[in-house]
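In: Can you look at this prediction? I've put the sequence above it.
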Amino acid sequence: MKRRKNNWLKSIFSSLIPVLLAFAVGSILIMIGGYSPIEAYSSLFIGALSNQNAIMNTLFASTPLILTGLATAIAFKANIYNMGVEGQLYLGAFAAAYLGFTLQGMPPFLHVAICLVGGAFVGMMFALVPAILKAFWNVNEMVVTLMLNYAAILFTTYLASFPFKAPGASNATTVDIMPSAELPRLFTGSQLNGGFIVAIGVFVLVWILMKKMKLGYEMNSIGRNNEFSEYVGMGVAKKIILIMSISGIVAGLAGVGEVLGTHRRFVAEFSPDYGWTGLTIALLGKHNPVGVLAGALLFGILKNGGSSMELMVGVPRSLIDVIQGLIILFLAVDFLNNQIGLTTKLKERFNRRKVA
Amino acid sequence: MAIPFNKRVFAVMTLILVLLLAACSSSESSGGSDSSSGEKVKIAMITSEGGLGDRSYNDSGNEGLKKASDELGAEVKVVEPQDVSEGEKYLTQLAQSGFDLVITLDLGHEKVLKEIAPQYPDTQFAIFNTVVEGDNITSVLFHEHEGSFLAGALAALVTQDESVNNLNGEKVISFVGGVDSPGINKFLVGYEEGAKHIDPETKVIVGYSNSFSDPSKGKEITLSQIEQKADVIYQVAGATGEGVIDGAKTKDVFAIGVDSDQDYIAEGNVLTSVMKRVDVAVFELSKAAQGGSYESIIELGLKENGVQLSEMKFTKDMINPDHIAKVEEIKEQIINGEIEVTDVTKQ
């Protein structure tokens, strides 16, 4: 029991290190720019958390990231590298928009539900392509999902530019969805909307799935040792398909939430790399749903507070991108360390050389 | 959308550069703004996607803002949203922070602006390239069709010339647009009308790249248009246009640049550029802010110097001076209303 607790602390600590290092390097950059890091960071957190409205907006910024983070974590936990969350998100988003503006005269609750199911379904179908290739022919899912992102993004851009372009629009967007399909805002004065409730609901389900259900155990087992899992009769191929499908559903829902809650129509290339940020968050959260939730909130704070920092202190907004980039960099070091034992290998090499 | 690592590494590099530059100039900029005159007018500008450093639209707006700061003593602020959904937050925050004038360069803010502006009646808002109605909203429109008319006229004159570059003397010119939309066709129709004004037999080949960020596709379309005897190619396609200019350079014919002065991108192969003076517009808005009275629509054409051809630094001496004189004459005729150019967005 005690050991378990220690492990918990250890993993929280190892997640915090990249974040703290990134902030430290960021503060050097702020100083070079002639600003005060303390002032900049405090305005960042004040802007993101100081009052009810600010907190609501932070949660709003976190909403898609919770979902993309979870989508990535589910697959990565089983050592399935679903890098296609961004693409699945786009297709889910477009499906939701399509259902949102074509179906008419629906009761609001039902219409939203249909859009959610439709978007999730399309996200799942798209994730099935690499899943089946991986499960039956052992095609590298990383390559397939990565490449399919382009297909998905370009395809939805095409749809929004030609067949479904809103008449007279000067950029590639569809017409607005019906009011009955909108996820309503939760409070006035903030963009926080029903999408957040969807995200929290998905979080609870994923937590139950990963922590309390057999499939969660199997995910862990497949992630740790694929062959062993097959040998003890887990039916790895089927499980890969199942896990990827769930990942695709969650990614699709991330897109649905953005369309129904934020944009209220499909806007071509609307996502500022939500899928990729979700990947960072999944790594930061160690593929643990609670860790992902915490990571998504942190990135929400960075996004929402970034504008206050820009307004109040004058530090360019790009600093937030830099901090996110640095977190990825420091995580990558950690990741390589775990995957291939980078530091151990370097040490060995060094020692061998000393002997020779 | 693209590979995130590359993008982030690039962001890191750019920021370091920017901060270093800022460090070098910070003493000077902080000194400039404290010439307090009691009540300075406060102006904020929201960039469109891409942000500062695009060597075009956003940077041009920033120039205007700097000028407002220097010449009018305005207190200015530029903010760069990460994505279009942040428009609402920025518009609200800026209005709440007491800015007198909030300018957005992002067309995507059209919808939220309509909802937010009435909530802050003491703040004036401005948006570009579209009309949003509201008591405290100024819409800025450019007469791109007028500038394009001049470009078309010049192209039709030059294409008959066999003496410069690799021109074939045939009456064929072309156009590469980003997408087939009213906003882009406004340029095209002006260009066509300008060409036909010179010689009704001029043929204009039209192509769309369906992307504003694909230079290789731009080049491909350009090369195929040159195959079809086009030798002056007008690009209205954002970053795709870099490929158009590159294609024209490869075959040693002429491209025509857009938005900002792009003549320098391929010296001697960019005939001229149809410049949209976002800086002029931002400065005009700032002046209005200082005076405290705004118009609901500002239209900037050749007359207001809001749209103009570049000075043709590298090509002026290559082409027949009569052509340039003719274009000047047409410009005067447009300004005094003798020639009327069709604006397709108003039909």
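Out: On my side now, so go ahead. Residues are numbered from 1 along each chain as shown, chains lettered A, B, ... in the order given.
In: Can you pull the residues of the stretch 151-300 of chain B lying near chain A?
Out: Listed as neighbours of chain A in the stretch 151-300 of chain B under the rule CB under 8 Å from any CB of the partner chain: B:179, B:181-183, B:210. (C-beta placed from N, C-alpha, C; glycine too.)
In: hmm, 10 Å instead?
Out: Neighbours of chain A within the stretch 151-300 of chain B, by CB under 10 Å from any CB of the partner chain: B:179-184, B:186, B:208, B:210-213.
In: what about whichever strand or helix holds A:Ala332 and chain B, touching?
Out: Using DSSP states H and E, A:Ala332 sits in helix A:318-340. Yes: for helix A:318-340, a contact with chain B is found by CB under 10 Å from any CB, at A:318-329, A:332.
In: now stretch A:75-93
Out: Yes: using CB under 10 Å from any CB, stretch A:75-93 reaches chain B at A:86-87, A:90.
In: Which one of the residues you listed is nearest to chain B?
Out: A:Glu86 (7.1 Å; CB to the nearest CB).
In: Local confidence estimate at that closest one?
Out: pLDDT, A:Glu86: 97.
In: what about it, which helix or strand?
Out: Using DSSP H and E, A:Glu86 sits in helix A:85-102.
In: what's around A:Leu110, how many residues?
Out: Around A:Leu110 there are 12 other residues, counting by other CB atoms under 10 Å in any protein chain shown.
In: same thing with the one 3 residues further on?
Out: Applying the criterion other CB under 10 Å, we find 13 residues in the vicinity of A:Ala113.
In: and what of B:Asp180?
Out: B:Asp180 is flanked by 14 other residues according to other CB under 10 Å.
In: With the one 5 residues further on instead?
Out: Taking other CB under 10 Å as the neighbour definition, B:Asn185 ends up with a count of 21.
In: How about the secondary structure of it?
Out: Under DSSP: H, G, I helix; E, B strand; the rest coil, the three-state class of B:Asn185 is helix.
In: tell me the contacts of the residue lying closest to it once chain neighbours are set aside?
Out: Spatial nearest neighbour of B:Asn185, excluding adjacent residues (CB to CB, 6 or more residues apart in numbering or on different chains): B:Val344 at 5.2 Å. Going by CB atoms under 10 Å, 6 or more residues apart in numbering or on different chains, B:Val344 touches B:145, B:182-190.
In: In terms of helix, strand or coil, where does the residue of the stretch 51-200 of chain A at minimum distance from chain B fall?
Out: Proximity of the stretch 51-200 of chain A to chain B (CB to the nearest CB) peaks at A:Ser170, 4.2 Å away. Secondary structure for A:Ser170, judged by three-state DSSP, is coil.
In: Got the phi and psi for it?
Out: Per-residue torsions, A:Ser170: phi -90, psi -10 (degrees, to the nearest 10).
In: close enough to count as contact, it and B:Leu107?
Out: Yes: counting by CB atoms under 10 Å, A:Ser170 touches B:Leu107, with 5.8 Å between them.
In: Mark out where each domain of chain A begins and ends.
Out: Taking automatic domain parsing as the reference, chain A has its domains at A:1-35+A:317-356, A:52-314.
In: Could you identify which of the ones you listed has the lowest mean pLDDT?
Out: Here the lowest mean pLDDT among the domains of chain A goes to domain A:1-35+A:317-356, at a mean of 82.
In: In contact with the residue of the stretch 101-250 of chain B found nearest chain A, which residues?
Out: Chain A sits closest to B:Gly183 of the stretch 101-250 of chain B, with a gap of 4.2 Å, by CB to the nearest CB. B:Gly183 sits next to A:168-171, B:107, B:129-130, B:144, B:177, B:236, B:344-345 when contact means CB under 10 Å, 6+ apart.
In: Walk me through the regions of chain B where pLDDT falls short of the threshold, as ranges.
Out: Residue ranges of chain B with pLDDT under 70: B:1-38, B:347.
In: Quick check: the gap between A:Met210 and A:Val198.
Out: With distances taken as CB to CB, to the nearest Å, A:Met210 is found 18 Å from A:Val198.
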